[in-house]
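A.B. asks: Here is a sequence with its predicted model. Questions after.
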Amino acid sequence: MTETQSPQPPNGTIGKPPATWRIVLAFILDFFTIFWIAGLGVAFVLGGTTENGFSLNGLPALLCFALMIAYFVVFNRYLGGTIWKRILRAKRTDR
């Protein structure tokens, strides 16, 4: 082995990209998780709660979507991946 080559990891999993199903499942679970958290939070603060959950129209709905987008941007860019990406180990390392 030369100085420029690094030793292979013992289990061979480091550097291997995650399976596509993990990435897709993580996105779906993240989407529903943040939808419910942001939706209920906005509805609770702005008065959109109902017997069955919440109902958002107009500006509260836009605020909910803005929070959902902010979740994906902030977690992926600054915190090393979303909650479900970390749980399912679906973080892509080739970017």
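C.D. replies: Cool, the structure landed.
A.B. asks: For the rest of this, base every contact and every neighbour count on C-alpha atoms.
C.D. replies: Noted.
A.B. asks: what's the pLDDT at the most centrally placed residue in the chain?
C.D. replies: Central residue of the chain (C-alpha atoms, centre = their mean): Thr82, 3.3 Å from the mean position. Note on Thr82: pLDDT of 94.
A.B. asks: With adjacent residues omitted, what lies nearest to it?
C.D. replies: Residue nearest to Thr82 in three dimensions, not counting chain neighbours: Phe75, with 5.1 Å by C-alpha to C-alpha, 6 or more residues apart in numbering.
A.B. asks: I'd guessed that neighbour sits against Lys85; true?
C.D. replies: No: taking contacts as C-alpha atoms under 8 Å, Phe75 lies outside contact range of Lys85: 9.9 Å.
A.B. asks: After the lengthiest helix in the chain, heading C-terminal, what element do we hit next?
C.D. replies: Ranked by number of residues, the top helix in the chain under DSSP state H is helix 20-46. Under the assignment DSSP states H and E, the closest C-terminal helix or strand after helix 20-46 is strand 49-50.
A.B. asks: where does this structure have low pLDDT?
C.D. replies: Within the chain, the segments meeting pLDDT under 70 span 1-15, 93-95.
A.B. asks: just to revisit the earlier point, go through the longest helix of the chain and flag the buried ones.
C.D. replies: By neighbour count with 16 or more other C-alpha atoms under 10 Å, helix 20-46 contains the buried residues 22-23, 26-27, 30-31, 34-36, 38-43.
A.B. asks: same question, stretch 70-89
C.D. replies: Quick answer for stretch 70-89 (16+ other C-alpha under 10 Å): Tyr71, Phe72, Gly81, Thr82, Ile83, Trp84, Lys85, Arg89.
A.B. asks: Just the ones in helices from the residues you listed, please.
C.D. replies: If you go by DSSP H, the buried residues of stretch 70-89 have Tyr71, Phe72, Ile83, Trp84, Lys85 in helices.
A.B. asks: Looking at those, which is nearest Leu56?
C.D. replies: Tyr71 (18.6 Å; C-alpha to C-alpha).
A.B. asks: Just give the nearest non-adjacent residue to that closest one, would you?
C.D. replies: Ile34 (7.5 Å).
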